[in-house]
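Chemist: sequence first, then the predicted structure, then my questions.
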Amino acid sequence: MSTSAPEPPSEPLDPGTHVVTLETSHGTFTIELDNERAPITASSFASLVRQGFYDGLTFHRIVPGFVIQGGCPEGTGMGGPGYKVEEAPPSDLRYVRGVVAMAKAGMEPAGTSGSQFFVVTGGDVGLPPEYAYVGHVTSGDDVVSEIEGVRTGRGDVPEEPVIMERVTLAQQ
(Lines give C-alpha, C1' and ligand atoms only; values in the text may rest on other atoms or scores of the structure.)
Protein backbone atom coordinates (compact mmCIF):
# COMPACT_ATOMS: atom_id res chain seq x y z
CA MET A 1 0.00 0.00 0.00
CA SER A 2 1.12 3.54 -0.71
CA THR A 3 2.25 5.51 2.34
CA SER A 4 0.64 8.79 1.25
CA ALA A 5 -3.09 9.45 1.33
CA PRO A 6 -4.71 8.56 -1.98
CA GLU A 7 -6.12 11.26 -4.17
CA PRO A 8 -9.69 11.06 -5.46
CA PRO A 9 -9.98 10.60 -9.22
CA SER A 10 -9.57 13.80 -11.19
CA GLU A 11 -11.20 12.61 -14.40
CA PRO A 12 -13.30 9.75 -15.73
CA LEU A 13 -11.76 6.65 -17.26
CA ASP A 14 -11.12 6.64 -20.97
CA PRO A 15 -13.75 4.75 -22.95
CA GLY A 16 -12.99 1.09 -23.43
CA THR A 17 -12.48 -2.00 -21.33
CA HIS A 18 -10.58 -1.66 -18.05
CA VAL A 19 -9.47 -4.81 -16.24
CA VAL A 20 -8.16 -4.98 -12.69
CA THR A 21 -5.91 -7.94 -11.90
CA LEU A 22 -5.71 -8.99 -8.25
CA GLU A 23 -2.72 -11.18 -7.46
CA THR A 24 -3.57 -12.62 -4.06
CA SER A 25 -1.95 -15.05 -1.67
CA HIS A 26 -4.45 -17.63 -3.05
CA GLY A 27 -4.05 -16.94 -6.77
CA THR A 28 -5.11 -14.38 -9.34
CA PHE A 29 -8.51 -13.16 -10.47
CA THR A 30 -9.65 -10.29 -12.67
CA ILE A 31 -12.44 -7.74 -12.52
CA GLU A 32 -13.75 -5.87 -15.54
CA LEU A 33 -14.80 -2.39 -14.47
CA ASP A 34 -18.19 -1.28 -15.79
CA ASN A 35 -17.30 2.19 -16.98
CA GLU A 36 -20.66 2.63 -18.74
CA ARG A 37 -23.04 1.77 -15.89
CA ALA A 38 -20.84 3.02 -13.05
CA PRO A 39 -18.42 5.67 -14.39
CA ILE A 40 -17.81 7.48 -11.08
CA THR A 41 -17.30 4.33 -9.02
CA ALA A 42 -15.18 2.63 -11.70
CA SER A 43 -12.99 5.75 -11.97
CA SER A 44 -12.49 5.90 -8.19
CA PHE A 45 -11.64 2.19 -7.98
CA ALA A 46 -9.22 2.50 -10.92
CA SER A 47 -7.59 5.56 -9.36
CA LEU A 48 -6.95 3.68 -6.11
CA VAL A 49 -5.48 0.76 -8.07
CA ARG A 50 -3.17 3.09 -10.04
CA GLN A 51 -1.94 4.64 -6.79
CA GLY A 52 -1.06 1.22 -5.33
CA PHE A 53 -3.64 1.62 -2.58
CA TYR A 54 -4.73 -2.04 -2.56
CA ASP A 55 -1.24 -3.57 -2.69
CA GLY A 56 -0.67 -5.47 0.55
CA LEU A 57 -4.22 -5.10 1.87
CA THR A 58 -6.34 -8.09 2.87
CA PHE A 59 -9.72 -9.64 2.39
CA HIS A 60 -10.76 -8.99 5.98
CA ARG A 61 -14.27 -10.48 5.81
CA ILE A 62 -15.34 -13.80 4.30
CA VAL A 63 -18.92 -15.03 4.45
CA PRO A 64 -19.36 -18.26 2.45
CA GLY A 65 -22.31 -18.12 0.06
CA PHE A 66 -22.44 -14.34 0.40
CA VAL A 67 -19.26 -12.24 -0.12
CA ILE A 68 -15.53 -11.86 0.22
CA GLN A 69 -14.70 -8.29 1.26
CA GLY A 70 -11.45 -6.33 1.24
CA GLY A 71 -9.91 -2.94 0.67
CA CYS A 72 -9.74 -1.64 4.25
CA PRO A 73 -6.31 -0.13 4.99
CA GLU A 74 -6.79 -0.95 8.67
CA GLY A 75 -7.85 -4.55 7.99
CA THR A 76 -10.83 -4.10 10.31
CA GLY A 77 -13.63 -3.01 7.99
CA MET A 78 -13.55 0.48 9.49
CA GLY A 79 -11.03 2.26 7.23
CA GLY A 80 -11.03 3.89 3.85
CA PRO A 81 -9.02 6.06 1.50
CA GLY A 82 -9.85 9.39 3.17
CA TYR A 83 -12.52 10.34 0.62
CA LYS A 84 -15.90 9.08 -0.55
CA VAL A 85 -17.73 9.20 -3.87
CA GLU A 86 -21.43 8.73 -4.53
CA GLU A 87 -23.11 7.16 -7.51
CA ALA A 88 -26.55 5.56 -7.55
CA PRO A 89 -26.29 1.87 -8.42
CA PRO A 90 -28.10 0.76 -11.59
CA SER A 91 -31.78 0.29 -10.69
CA ASP A 92 -31.81 -3.21 -12.19
CA LEU A 93 -28.66 -4.38 -10.39
CA ARG A 94 -28.83 -7.81 -8.77
CA TYR A 95 -26.03 -8.91 -6.50
CA VAL A 96 -25.30 -12.30 -8.05
CA ARG A 97 -22.14 -14.40 -8.10
CA GLY A 98 -19.23 -12.49 -9.60
CA VAL A 99 -20.67 -9.00 -9.15
CA VAL A 100 -18.20 -6.58 -7.55
CA ALA A 101 -19.62 -3.68 -5.54
CA MET A 102 -18.46 -1.24 -2.91
CA ALA A 103 -19.16 -1.68 0.79
CA LYS A 104 -20.65 1.19 2.79
CA ALA A 105 -21.67 1.91 6.34
CA GLY A 106 -25.37 1.35 7.06
CA MET A 107 -26.15 5.01 7.64
CA GLU A 108 -24.46 6.24 4.46
CA PRO A 109 -26.61 7.08 1.43
CA ALA A 110 -27.05 4.44 -1.26
CA GLY A 111 -24.14 4.41 -3.70
CA THR A 112 -21.57 5.83 -1.26
CA SER A 113 -18.13 4.27 -1.52
CA GLY A 114 -14.56 4.60 -0.37
CA SER A 115 -12.08 1.77 -0.90
CA GLN A 116 -13.78 -1.31 0.54
CA PHE A 117 -15.29 -3.66 -2.01
CA PHE A 118 -16.90 -7.05 -2.07
CA VAL A 119 -17.18 -9.89 -4.55
CA VAL A 120 -20.52 -11.70 -4.40
CA THR A 121 -20.03 -15.45 -3.97
CA GLY A 122 -23.69 -16.51 -3.65
CA GLY A 123 -26.19 -17.14 -6.43
CA ASP A 124 -28.37 -14.12 -5.63
CA VAL A 125 -27.69 -12.72 -2.18
CA GLY A 126 -30.80 -10.51 -2.15
CA LEU A 127 -29.13 -7.25 -1.20
CA PRO A 128 -31.11 -4.07 -1.87
CA PRO A 129 -29.67 -1.88 -4.68
CA GLU A 130 -27.72 0.33 -2.26
CA TYR A 131 -24.13 -0.71 -2.92
CA ALA A 132 -22.19 1.10 -5.62
CA TYR A 133 -21.53 -1.15 -8.57
CA VAL A 134 -17.96 -1.61 -9.85
CA GLY A 135 -18.03 -4.48 -12.33
CA HIS A 136 -17.75 -8.25 -12.43
CA VAL A 137 -15.22 -11.05 -12.12
CA THR A 138 -14.08 -12.14 -15.59
CA SER A 139 -11.51 -14.80 -14.73
CA GLY A 140 -10.28 -16.64 -11.67
CA ASP A 141 -13.63 -17.66 -10.23
CA ASP A 142 -11.81 -20.71 -8.84
CA VAL A 143 -9.57 -18.33 -6.86
CA VAL A 144 -12.62 -16.45 -5.55
CA SER A 145 -14.02 -19.83 -4.45
CA GLU A 146 -10.74 -20.73 -2.76
CA ILE A 147 -10.75 -17.42 -0.86
CA GLU A 148 -14.39 -17.99 0.07
CA GLY A 149 -13.35 -21.36 1.54
CA VAL A 150 -10.73 -19.90 3.88
CA ARG A 151 -11.53 -20.75 7.47
CA THR A 152 -12.87 -17.84 9.49
CA GLY A 153 -13.28 -17.05 13.12
CA ARG A 154 -15.22 -14.48 15.05
CA GLY A 155 -16.75 -11.73 12.94
CA ASP A 156 -16.14 -13.54 9.63
CA VAL A 157 -12.42 -12.69 9.91
CA PRO A 158 -10.08 -15.14 8.13
CA GLU A 159 -7.95 -17.13 10.56
CA GLU A 160 -4.97 -16.59 8.24
CA PRO A 161 -4.62 -13.40 6.18
CA VAL A 162 -5.74 -13.42 2.55
CA ILE A 163 -3.47 -10.78 1.02
CA MET A 164 -3.86 -8.73 -2.14
CA GLU A 165 -0.18 -8.89 -3.02
CA ARG A 166 -0.37 -6.79 -6.19
CA VAL A 167 -3.35 -5.09 -7.83
CA THR A 168 -2.95 -3.63 -11.31
CA LEU A 169 -5.07 -1.98 -14.00
CA ALA A 170 -4.92 -2.49 -17.76
CA GLN A 171 -6.94 -0.97 -20.55
CA GLN A 172 -7.80 -3.32 -23.38
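Modeler: On my side now, so go ahead.

Chemist: which residues touch residue 10?
Modeler: By CB atoms under 8 Å, 6 or more residues apart in numbering, residue 10 lies in contact with residue 47. The C-beta positions use only the backbone N, C-alpha and C, and glycine is treated the same way.

Chemist: from residue 103, how far off is the residue positioned nearest the centre of the chain?
Modeler: For the chain, the residue sitting closest to the mean C-alpha position, by CA atoms, centre = their mean, is residue 117 at 2.8 Å. Spatial separation of residue 117 from residue 103 under the definition CB to CB, to the nearest Å is 6 Å.

Chemist: find residues that contact each of these two.
Modeler: With contacts defined as CB under 8 Å, 6+ apart, the residues adjacent to both residue 117 and residue 103 are 69, 71.

Chemist: tell me the phi and psi of the residue nearest to the centre of the chain?
Modeler: As for residue 117, its main-chain torsions (degrees, to the nearest 10) stand at phi -130, psi 160.

Chemist: show me the longest helix that occurs in this protein.
Modeler: In the chain, taking DSSP state H as the definition, the longest helix is helix 39-50.

Chemist: and residue 11, how many neighbours does it have?
Modeler: As a burial measure, residue 11 scores 7 neighbours (other CB atoms under 10 Å).

Chemist: wait, isn't it in contact with residue 44?
Modeler: No - taking CB atoms under 8 Å as the contact criterion, residue 11 and residue 44 are not neighbours in contact, 11.4 Å apart.

Chemist: how far off centre is stretch 84-100?
Modeler: From the chain centre to the centre of stretch 84-100 is a distance of 11 Å (CA atoms, centre = their mean, to the nearest Å).

Chemist: gap between the two ends of that stretch?
Modeler: One end of stretch 84-100 sits 17 Å from the other (CA to CA, to the nearest Å).

Chemist: which residues belonging to it are considered buried?
Modeler: 84-85, 87-89, 93, 95, 97-100 (16 or more other CB atoms under 10 Å).
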